[in-house]
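Novice: when you get a sec, could you give me coordinates for this:
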Amino acid sequence: SRAGNARPYIAMDTFPRKTIIYLQMVIFFQTLAILPLKRRCMDMEEFSCKTRVISGSGTIRMLGKLEKKRLFLVADPFFVKNGVAKQVTEASGCREVEIFDRVQPDPTVELAAEGTAKLREFGPDLVVALGGGSAMDLAKAMAYFGKGDYLVAAIPTTSGSGSEVTDFAILTHNQVKHPL
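Specialist: Next up is the predicted model:
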């Protein structure tokens, strides 16, 4: 698609879902185990994803309709410098805002731990990831390990990883990528 035709969108999900994710995986694998090999792919009729995707002009204003009070924004430092992070925080309508702008490519476990500590200390009710796949992965990992009841919204600025619509995150430890 052409960059001029790109439409902004937000993907939202609620964390934590450790138990739900685990149960879905167990049920999924049990179902696969009892189906004959030939039928495993042919019988799939439905794909369901609990992520809600909102797209179009003015999408960022939807954050304000969530009526949250405390925003924890996970963003690349570039978006803080160019003012996009400020636009997101203003659109959210949140009274209190904390920005974690240490996102880097292939985020490490150590960076996620640092961000999780800041997230817990702040105690948000809304976590927003702004950026590419690394920002999405880092925000999801932080929300998961933060063990709070956060609404997680993603504002992707790149296309490719699809991280904004999955429950998975990839963190790096000792130069090895680990999916969570």
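Novice: per-residue pLDDT of residue 24, please?
Specialist: At residue 24, the pLDDT value in this model is 29.
Novice: direction included, what does the helix or strand residue 151 falls within pair up with?
Specialist: For residue 151, the element it lies in under DSSP states H and E is strand 150-156. Here strand 150-156 is paired, per DSSP bridges, with strand 9-15 (antiparallel), strand 126-131 (parallel).
Novice: rank those by mean pLDDT and give me the bottom one.
Specialist: strand 9-15 (a mean of 49).
Novice: mean confidence for the strand holding residue 151?
Specialist: 88.
Novice: likewise stretch 68-76?
Specialist: 96.
Novice: and it, C-alpha only, in CSV?
Specialist: Output in CSV follows, covering the C-alpha atoms of stretch 68-76 (Å, rounded to 0.1, in the frame of the first residue of the first chain):
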residue,chain,number,x,y,z
LYS,A,68,-9.2,6.3,31.9
LYS,A,69,-7.3,8.5,34.4
ARG,A,70,-3.7,7.3,34.5
LEU,A,71,-1.8,6.7,31.2
PHE,A,72,1.5,4.8,30.9
LEU,A,73,2.9,5.5,27.4
VAL,A,74,5.6,3.2,26.0
ALA,A,75,7.3,4.9,23.1
ASP,A,76,10.4,5.2,21.0
